[in-house]
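1. show me how the following folds:
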Amino acid sequence: MKPTSRRAGGWLRVFGIPVVIGVLSLAGLLSALLLDEAGRVFSWFAVGLPAAIAAWVFASGKL
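-> Prediction:
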């Protein structure tokens, strides 16, 4: 039996954005450890992004 279109992409709709945010955070942490000045600039962005998203969701009242 073929899965319906609703179930086929369900996990990606639920976990897609959190996985991307997690991978970006991990890349930021590793770049802060392994790279020089450019890595530090990227790490500030990558590690600060989840905090900015959380603040935005909290401020918008969707929480």
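
2. all strands of this protein, in order?
-> Taking DSSP state E, the chain contains no strands at all.

3. can you pull the pLDDT of the most centrally placed residue in it?
-> The residue lying closest to the centre of the chain (Cα atoms, centre = their mean) is I21, at 0.7 Å. pLDDT for I21: 92.

4. for the one 4 residues further on, same thing?
-> S25 carries a pLDDT value of 93.

5. any idea how far it lies from A32?
-> Relative to A32, S25 is positioned 11 Å away (Cβ to Cβ, to the nearest Å). Every residue, glycine included, has its C-beta placed from N, CA and C.

6. anything in contact with each of these two?
-> Taking Cβ atoms under 8 Å, 6 or more residues apart in numbering as the criterion, S25 and A32 both touch V47.

7. who touches stretch 10-29?
-> Among residues not part of stretch 10-29, those counted as contacts by Cβ under 8 Å, 6+ apart are F42, S43, W44, F45, A46, V47, L49, P50, I53.

8. now, of the residues you listed, which are buried?
-> Taking 16 or more other Cβ atoms under 10 Å as the criterion, what is buried in the contacts of stretch 10-29 is F42, S43, A46, V47.

9. return the subset of those lying in helices.
-> F42, S43, A46, V47 (DSSP state H).

10. contact partners of stretch 43-63?
-> Stretch 43-63 is contacted from outside by I21, L24, S25, A27, G28, L29, S31, A32, using Cβ under 8 Å, 6+ apart.

11. mind checking the pLDDT average for that stretch?
-> Mean per-residue pLDDT for stretch 43-63: 89.

12. dump the contacts of stretch 10-29 into TSV; add distance to G9 as well.
-> Supplementary listing: the contacts of stretch 10-29 in TSV, determined by distance: Cβ to Cβ, whole Å:
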residue	distance to G9
F42	30
S43	32
W44	33
F45	29
A46	26
V47	29
L49	24
P50	24
I53	22
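
13. report pLDDT for V14.
-> Confidence at V14, expressed as pLDDT, is 88.

14. what is the burial count for it?
-> A count of nearby residues for V14, using other Cβ atoms under 10 Å, gives 10.
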